[in-house]
Structure formats: structure tokens, C-alpha cells
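A structural model of the following input is requested.
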Amino acid sequence: MRTTPGTIHEDLARVLLSVEDAISLEVHGRTNAGVLVPLYLQNDELHAVFTKRRDDLRRHPGEISFPGGRYDDGEADLRATALREADEEIGLPPQAVDIVGALQPTPTIATGYSVYPFVGLIEPGHVWRPSAREVAAVIELPLRALTAGYARRRLVRRGMPIRTDTYLVGEHLIWGATARILADLFDRMAGLSARA
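Down below sits the predicted model:
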């Protein structure tokens, strides 16, 4: 796949859902949420930005996820939600994000959210300002390391063993809705590699 900022934008836009098409999809869940999938190109390699949630949070404590949260009444759409949440959680201002498209929305099983992911390109080298209330750390991982760390693993959640798709890079374990979002991104990008 060619790796210049201009061609990355064009290539991703070709394989992603349009924002409007994604927002129109119905997903099982009580609460709509928008998340931002921030990507940046550094040394000819795409990286993704995640948050590690604080261990004392009530929902999804300690998990690695994309910045995002629930839709607030009055917001223009779920894309606006994702951008607002990224600003609040990691200090990424909306004007620093070029929304390229969207991924398939996915439900969270335990907490009843319908999660709508929006892919945005950002510049590398951003200085993060994590929210002290919500974010324990901001994590930047190369997509190549994420795909190399994929496996179906046995996890124990709420005392129950589950076998699920995961991505492991170092000590960073990604699973659940975030893993499903990544899988959709990688499936779509596989088509780019075949055509490049």
C-alpha cells in the first residue's frame, strides 16, 4: 500500500463507509455512542491512538479503547460526539482531525452501547492531554504490531471464561468492541493491499 498522507486519505475513503451511511445503520443497544479512530502516518507506517481507561471507572475499567462516549442531546450527530469526546479525553481538538469515513457500528455486550466508530487522520507528534478523570494513559500503536498480535484468546470476565478475538502488543491487550472495530478496519484495509 502506498503510504503518503494524500494517498492514505484517498485509499481509506475508498474502503470506509461514508459518515452518513454509518450513522443511518441500526445497532442493538440502549445508548448511542461515538468513538474516534485516530490514525497517523509516521515513517511510512500507520499508527492508531487508544486510551487506557482508569481502573476505578464504573464502565469498562482498565480497558483499552478508542476515545469516545455517549451521544449528548443537541449534538449535530455521532461524528460530533466522537470529536468532542476525543478533545475531552485526550486533548485532540476537532480541527486537528480529518474525518475520512466510518466503520461498521458495533454493540457492547455488557453495557448496552451502540458504538459508532469514525476514522480520522491526524498529524504525528501530538502532545496529549489525558483527562485525569477518565484516562490512565494514551497509547500509540503501529497497525502492523496490532495485526501481528492478533489471536483468539481465553479471558475471564466477571468470573466467566470467554474465548474472544484479541490484539496483544507488549502488555496492551485489546478485546471486546474495540477489537471488533479493529477487525473491521483491517478487513477493509486488506483490500487496499491487494490493489496497491
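
which residues of this structure score low on pLDDT?
In the predicted model of the chain, residues 1-6, 58-60, 157-158, 193-196 satisfy pLDDT under 70.

again, only this time at 90
For the chain, the stretches flagged by pLDDT under 90 are 1-7, 26-30, 44, 54-63, 108-112, 152-164, 176, 190-196.

distance between the top strand by length along the chain and the chain's centre?
The strand spanning the most residues in the chain, taking DSSP state E as the definition, is strand 31-42. Taking Cα atoms, centre = their mean, to the nearest Å, the mean C-alpha location of strand 31-42 is offset from the chain mean by 4 Å.

Would you tell me what the next helix or strand after that strand is?
Counting by DSSP states H and E, the next helix or strand C-terminal to strand 31-42 is strand 45-53.

Not counting that next one itself, show me its contacts.
For strand 45-53, contacts defined as Cβ atoms under 8 Å, 6 or more residues apart in numbering pick out 3, 8, 37-41, 60-67, 89-90, 92, 122, 124, 126, 130, 134-144, 146, 172, 174, 178, 182. Using the backbone N, CA and C atoms, a C-beta is placed for each residue, glycine as well.

re earlier: show me which residues of the longest strand of the chain are buried.
In terms of neighbour count (16 or more other Cβ atoms under 10 Å), strand 31-42 has its buried residues at 32-41.

could you measure the residue of the chain positioned farthest from its centre against residue 165, distance?
Relative to the centre of the chain, the most outlying C-alpha is that of residue 159, 26.6 Å out, by Cα atoms, centre = their mean. As for residue 159, its distance to residue 165 is 21 Å (criterion: Cβ to Cβ, to the nearest Å).

and if you look at residue 101?
Counting by Cβ to Cβ, the gap between residue 101 and residue 165 amounts to 22 Å.

And the strands in the chain, which stretches?
Read by DSSP E, the chain holds these strands, from start to end of the chain: 31-42, 45-53, 64-65, 68-70, 98-102, 106-107, 113-121, 135-142, 150-157, 160-169, 172-174.

can you give me the offset of the third one from its chain's centre?
Distance of strand 64-65 from the chain centroid (Cα atoms, centre = their mean) equals 8 Å.

Over to the fourth one?
Strand 68-70 sits 11 Å away from the centroid of its parent chain (Cα atoms, centre = their mean).

Quick check: neighbours of that strand in the sheet, parallel or antiparallel?
Using DSSP bridges, the neighbouring strands of strand 68-70 in the sheet come out as strand 31-42 (antiparallel).

CA atoms of the strand it pairs with as PDB?
Output for strand 31-42, consisting of C-alpha atoms alone and laid out as PDB, is shown next (Å, rounded to 0.1, in the frame of the first residue of the first chain):
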ATOM      1  CA  THR A  31     -27.300   4.100  24.300                       C
ATOM      2  CA  ASN A  32     -25.700   5.600  21.200                       C
ATOM      3  CA  ALA A  33     -22.000   6.400  21.400                       C
ATOM      4  CA  GLY A  34     -19.400   7.800  19.000                       C
ATOM      5  CA  VAL A  35     -15.700   6.900  19.100                       C
ATOM      6  CA  LEU A  36     -12.800   8.300  17.100                       C
ATOM      7  CA  VAL A  37     -10.300   6.000  15.500                       C
ATOM      8  CA  PRO A  38      -7.300   8.400  15.200                       C
ATOM      9  CA  LEU A  39      -4.700   7.300  12.700                       C
ATOM     10  CA  TYR A  40      -1.400   8.900  11.800                       C
ATOM     11  CA  LEU A  41       1.400   8.200   9.400                       C
ATOM     12  CA  GLN A  42       4.900   8.100  10.700                       C
END
